[in-house]
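>>> Need coordinates for the following:
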Amino acid sequence: MERNNYMYEKKQKTFESPDLTKMQEVVIDHRTKIYIAVGADPEEARTRYLSRATAFRPTAVSSR
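Below you'll find the model as predicted:
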């Protein structure tokens, strides 16, 4: 029995982006902006972002 590969079409995944006009922009630094829900505390969002982002940043460049 031979399988017909044309029967199985791959569907592309569609991702819905949030509507940024309905969100509040929080500036972290001159290069970084995050978006939070309207009415949320921007200072809390900034501190939560910075506490999480520092875990991923290298602390110092090692010299050889």
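
>>> quick one: the strands in the chain?
23-27, 33-37 (DSSP state E).

>>> now those in TSV, with mean pLDDT?
Output for the strands of the chain, formatted as TSV (pLDDT from 0 to 100):
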stretch	mean pLDDT
strand 23-27	96
strand 33-37	95
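
>>> Give the bridge partners for the residue most central in space within the chain, please.
Geometric centre of the chain, nearest residue: Ile34, 8.5 Å, by CA atoms, centre = their mean. Beta-bridge partners recorded for Ile34 (DSSP bridges): Val26.

>>> So that it lines up with my notes, have the first residue be 32 from now on.
Taking 32 as the first residue, the last one we looked at is Ile65.

>>> Contacts only, for it.
By CB atoms under 8 Å, 6 or more residues apart in numbering, the residues touching Ile65 are 56-57, 59, 76-77, 80. The C-beta positions use only the backbone N, C-alpha and C, and glycine is treated the same way.

>>> can you rerun that using 7 Å?
Neighbour list for Ile65: 57, 59, 76, 80 [criterion: CB atoms under 7 Å, 6 or more residues apart in numbering].

>>> Distance-wise, check it relative to Tyr39.
40 Å (CB to CB, to the nearest Å).

>>> same thing with Lys64?
According to CB to CB, Lys64 stands 42 Å off from Tyr39.

>>> Looking at those two, which is more packed in?
Lys64 (11 against 7; other CB atoms under 10 Å).

>>> From what I see, the more buried one and Gln55 are in contact.
No - judged on CB atoms under 7 Å, Lys64 makes no contact with Gln55 at a distance of 10.6 Å.

>>> Going by neighbour count, list what's buried in the one helix or strand in the chain whose mean pLDDT sits lowest.
Least confident helix or strand of the chain, by mean pLDDT, DSSP states H and E, is helix 73-84 with a mean of 91. For helix 73-84, burial by neighbour count (16 or more other CB atoms under 10 Å) applies to 76-77.

>>> and the angle from that helix to strand 54-58?
Comparing the axes of helix 73-84 and strand 54-58 via axes from the mean of the first three to the mean of the last three CA atoms, to 10 degrees yields an angle of 60 degrees.
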